[in-house]
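>>> Need coordinates for the below:
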Amino acid sequence: MIKPAVLIVDDERPTREGLRAALEEQYDVYVAEDAASAMELLERESFAVLLTDLRLPKEDGMKLIGRAKSLAKPPICILMTAYGSEDVAVEAMKRGADDYIAKGRMQIDELEMRIGRALRQQNLEAENRSLRQQLQVRFGIENIVGESPVMKEVLETVTQVAPSRATVLVLGESGTGKELIAKAIHQLSPRAAQPMVTVHCAALAPTLLESELFGHEKGAFTGAHERRIGRFEQAQGGTLFLDEIGEIDASIQVKLLRFLGERTFERVGSNRTLTADVRLIAATNKNLPDLVKAGSFREDLLYRLKVVEIILPPLRERKEDVPMLAQRFLVEFAGENGKSVAGFAPEVIEQFLRYPWPGNVRELRTAVEHAVVLCRTDQIQLRDLPASLRQPMAADSGQEMHRLFNQDNLTVHEAEKQLIIHALKEANGNRTAAAKKVGMSRRTLHRKLHTYHLEGF
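Next comes the predicted model:
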């Protein structure tokens, strides 16, 4: 059984060695004589408890506790004070200390009791976080709406890969929901109780991105006035999601490659090697093999990243999911705006199925929000949609579509089937032209024809 690690900080050798001897049977005990050496240990190792004297050389125990509490995984902090300085101890607790004990009347039994109580409280909080995460797991996976075969395959891959330690590369056009997939993987993983940290790589210049990811030491560059803990350290025990991974430059690619191979890195301006237990998920809308051929992305890094590769289809290739997604967004935005909007007029669903959605799910979400805000009845009409979606149709086509979509008890799948039949009739059986009319690829149309038993049409 692994013992909880305790760090004792006291400038008096007899005190710290005496406490070490008293506690080492139950705990893995480390000692330090001042705040500086204590912080070196805290940044290198993971401690369950920090037990520190108030009076220390140069920097007192109160400041040390403040710095310890700023770590990605802060320890329980217990302050040892001189007898009669309860006011100081109360102030320390306001600034982050979990408990205090007077040195002059300290008994080892009482100290062990307080440490044990604090650890039990910490474990209880961790269990509560885990339970909250478990409650979110079902929501997390259900928040990814998709009944199409291709999305069912994506969700199956997510559930299979989530419990593993494997690095995942999520590919897809902008707006397809890559970050949502990353969050689902994290929430379904054993790391769900730990942080998920997201970095949008394209938003930062290369020099800033390096510092953002790996951290930096004080004085590492102009403007580095203090040490900065990077995102790898912040994600300790959890997941780091690197969005737009195709935008990173060569120097950072080398550092990422090393981390994926050795799980080690250095802060900018430091030679000290640090380790991090972090699961990496990356995403991009770029064609990474093309970048490899162009010499702007390392081939060895690509292979390290895509231990498991998840490809998200554009919305135009999973049109059967559009009505369900639209309804989900409708419920969300109607609630946010306090509006009683129950559904969509048939011609709106028709337009949704015809439209190619170049902005994918993100564009659909924005369109529904726009429509909910402008809607004046209990049903969204064509006039409520953004101008880009209000495309006029030929009169005869419009009359036929109105007939098709006003049938009683028309399901989403039947609506799509009727739309495909109508498009094939208009295109005189030309499948390429029909696919274009309904905003599908020819390959997707072939799959739909098989699904709806229309191969001979």
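>>> Extract the C-alpha trace of stretch 39-57 and format it as CSV.
The C-alpha trace of stretch 39-57 is given here as CSV (Å, rounded to 0.1, in the frame of the first residue of the first chain):
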residue,chain,number,x,y,z
MET,A,39,8.9,24.6,-3.0
GLU,A,40,11.5,22.7,-5.0
LEU,A,41,10.1,19.5,-3.5
LEU,A,42,6.5,20.5,-3.9
GLU,A,43,7.0,21.2,-7.6
ARG,A,44,8.9,18.0,-8.2
GLU,A,45,6.8,15.6,-6.1
SER,A,46,3.1,15.2,-5.2
PHE,A,47,2.4,15.6,-1.5
ALA,A,48,-0.7,14.8,0.4
VAL,A,49,0.2,17.0,3.3
LEU,A,50,2.4,20.1,3.9
LEU,A,51,3.2,20.7,7.6
THR,A,52,5.1,23.9,8.0
ASP,A,53,6.2,26.2,10.8
LEU,A,54,5.1,29.8,10.6
ARG,A,55,8.5,31.3,11.2
LEU,A,56,11.0,30.4,8.5
PRO,A,57,14.1,32.1,7.1
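>>> what about that stretch, average pLDDT?
For stretch 39-57, the mean pLDDT works out to 89.
>>> before we move on, what about stretch 153-165?
pLDDT averaged over stretch 153-165 gives 93.
>>> buried residues in it?
Val154, Leu155, Thr157, Val158, Val161, Ala162 (16 or more other Cβ atoms under 10 Å). Every residue, glycine included, has its C-beta placed from N, CA and C.
>>> All the strands of the stretch 351-457 of the chain, in order from the start?
In the stretch 351-457 of the chain, the strands defined using DSSP state E, counting those that start in this stretch lie at 379-380.
>>> where does it dip in pLDDT?
The model of the stretch 351-457 of the chain has pLDDT under 70 over residues 391-415, 455-457.
>>> Can you lay out the buried residues of stretch 153-165 as JSON lines showing distance to Tyr303 and secondary structure?
Below are these laid out as JSON lines (distance: Cβ to Cβ, whole Å; DSSP: H, G, I helix; E, B strand; the rest coil):
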{"residue": "Val154", "distance to Tyr303": "22", "secondary structure": "helix"}
{"residue": "Leu155", "distance to Tyr303": "25", "secondary structure": "helix"}
{"residue": "Thr157", "distance to Tyr303": "18", "secondary structure": "helix"}
{"residue": "Val158", "distance to Tyr303": "21", "secondary structure": "helix"}
{"residue": "Val161", "distance to Tyr303": "17", "secondary structure": "helix"}
{"residue": "Ala162", "distance to Tyr303": "21", "secondary structure": "coil"}
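>>> Name the SS class of the residue nearest the centre of the chain, please.
Central residue of the chain (Cα atoms, centre = their mean): Lys183, 4.1 Å from the mean position. Using DSSP: H, G, I helix; E, B strand; the rest coil, the structure places Lys183 in helix.
>>> Please point out which parts of stretch 29-39 sit buried.
Neighbour counts using 16+ other Cβ under 10 Å place Val29, Tyr30, Val31, Ala32, Glu33, Ala35, Ala38, Met39 of stretch 29-39 among the buried residues.
>>> right, and Asn285 touches Gly177 too?
No - at 11.7 Å, Asn285 does not count as touching Gly177 under the criterion of Cβ atoms under 8 Å.
>>> who has more neighbours, those two?
Higher neighbour count among Asn285 and Gly177: Gly177, with 25 against 17, using other Cβ atoms under 10 Å.
>>> ok, the closest residue to that one other than its chain neighbours - how many residues close by?
Residue nearest to Gly177 in three dimensions, not counting chain neighbours: Val361, with 5.3 Å by Cβ to Cβ, 6 or more residues apart in numbering. By the criterion of other Cβ under 10 Å, Val361 has 25 neighbours.
>>> Now do the same contact list for Val361.
Going by Cβ atoms under 8 Å, 6 or more residues apart in numbering, Val361 touches Gly175, Thr176, Gly177, Leu315, Leu325.
>>> and the gap between the fourth one and Glu363?
When you say that, I think you mean Leu315. From Leu315 across to Glu363, the span is 8 Å (Cβ to Cβ, to the nearest Å).
>>> what is in contact with these two at once?
Residues touching both Leu315 and Glu363 by Cβ under 8 Å, 6+ apart: Gly175, Trp357.
>>> So for the two, which sits in the more crowded spot?
Neighbour count, other Cβ under 10 Å: between Leu315 and Glu363, Leu315 has more, with 27 against 19.
>>> ok, the more buried one touching Pro358?
No - using Cβ under 8 Å, Leu315 is not in contact with Pro358; the gap is 9.0 Å.
>>> Poorly predicted segments of the stretch 101-250 of the chain, please.
Applying pLDDT under 70 to the stretch 101-250 of the chain flags residues 105, 126-143.
>>> Do you have the helices of it handy? List them.
Ranges of helices within the stretch 101-250 of the chain are 108-142, 149-161, 178-187, 206-214, 231-234, 250-262, based on DSSP state H, counting those that start in this stretch.
>>> and the closest residue to Val368 other than its chain neighbours, how far is that from Leu302?
Leaving aside its sequence neighbours, Val368 sits nearest to Phe329 (Cβ to Cβ, 6+ apart; 3.9 Å). Distance of Phe329 to Leu302, computed by Cβ to Cβ: 34 Å.
>>> got it, and Pro195?
Taking Cβ to Cβ, one finds Pro195 at 26 Å from Leu302.
>>> what's next to stretch 301-311, contact-wise?
154, 157-158, 161, 164, 166-172, 181, 245, 253, 256-257, 260-261, 280, 282, 288-289, 292.
>>> So which bits of that stretch are buried?
Neighbour-count burial for stretch 301-311 flags Leu301, Leu302, Arg304, Leu305, Lys306, Val308, Ile310 (criterion: 16+ other Cβ under 10 Å).
>>> Now intersect the residues you listed with the strands, please.
Of the positions in those, Val308, Ile310 sit in strands, assigned by DSSP state E.
>>> now, which of the buried residues of stretch 301-311 lie within helices?
The helices, defined by DSSP state H, take in Leu301, Leu302, Arg304, Leu305 from the buried residues of stretch 301-311.
>>> Identify the farthest-apart pair in these.
Taking Cβ to Cβ as the measure, these span a maximum distance of 7.3 Å, between Leu302 and Arg304.
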